[in-house]
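Asker: After the sequence you'll find the predicted model.
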Amino acid sequence: MILHKSEYVEVSYEQENSMLIEKFLASTTNMTDDEFKKEMSIIYDMVDKKKPKIALINLLDMKYVIGLEMQEWMNKKILTAEVNFKKSAYIVPTELFAQVSVEQTMEEETGQKIVKQYFENEDEARKWLLE
């Protein structure tokens, strides 16, 4: 079931697996920090409402680079909701700067509390989440 779709991200929910799926789009090239905050706040609200047990976060097409200020904001405001996930699988881009910004964000204090794994494709990520 699709919960949210915008220019930058599609969010859906698989009730049978209690899985939230976030797919960031290539149009994130043009995303501003304020737009990133808005999208992440919408996702935060969905997590709070649906209370998924696992999350599949597909960042393969994400072009937005999460700067240090946004990493700190994510750690304080957003990742606190993800601590409640049993597992989070991140499908990360091969583009070095985007990948590093995602991994740095997840290694902040709150991000370290999340059981997470990084993958190159959705099949591997789903397999790990559902085992």
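Answerer: Perfect, I can see it now.

Asker: Show me which residues of stretch 119-131 are buried.
Answerer: For stretch 119-131, burial by neighbour count (16 or more other CB atoms under 10 Å) applies to 119, 125, 126, 129. From N, CA and C alone the C-beta is placed, and that goes for glycine too.

Asker: Filter these down to just the ones in strands.
Answerer: Using DSSP state E, residue 119 are the members of the buried residues of stretch 119-131 that sit in strands.

Asker: And the buried residues of stretch 119-131, which is closest to residue 38?
Answerer: residue 125 (25.7 Å; CB to CB).

Asker: Am I right that the closest one is in contact with residue 92?
Answerer: No. With contacts counted by CB atoms under 8 Å, residue 125 stays clear of residue 92, the gap being 9.9 Å.

Asker: intersection of neighbour lists for those two?
Answerer: The contact sets of residue 125 and residue 92 overlap at residue 119 (CB atoms under 8 Å, 6 or more residues apart in numbering).

Asker: Regarding the protein, what is its longest helix?
Answerer: Counting by DSSP state H, the longest helix found in the chain is helix 33-50.

Asker: for the record, mean pLDDT for it?
Answerer: The pLDDT scores in helix 33-50 average 93.

Asker: Going by neighbour count, list what's buried in it.
Answerer: For helix 33-50, by 16+ other CB under 10 Å, it's 35, 36, 39, 40, 43, 44, 46, 47, 50.

Asker: Can I get the residues you listed in JSON lines including distance to residue 74?
Answerer: Listed next are the buried residues of helix 33-50 as JSON lines, based on distance: CB to CB, whole Å:
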{"residue": "35", "distance to residue 74": "14"}
{"residue": "36", "distance to residue 74": "9"}
{"residue": "39", "distance to residue 74": "11"}
{"residue": "40", "distance to residue 74": "7"}
{"residue": "43", "distance to residue 74": "11"}
{"residue": "44", "distance to residue 74": "10"}
{"residue": "46", "distance to residue 74": "16"}
{"residue": "47", "distance to residue 74": "13"}
{"residue": "50", "distance to residue 74": "19"}
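
Asker: Would you mind checking which of those residues is nearest to residue 57?
Answerer: residue 43 (9.4 Å).
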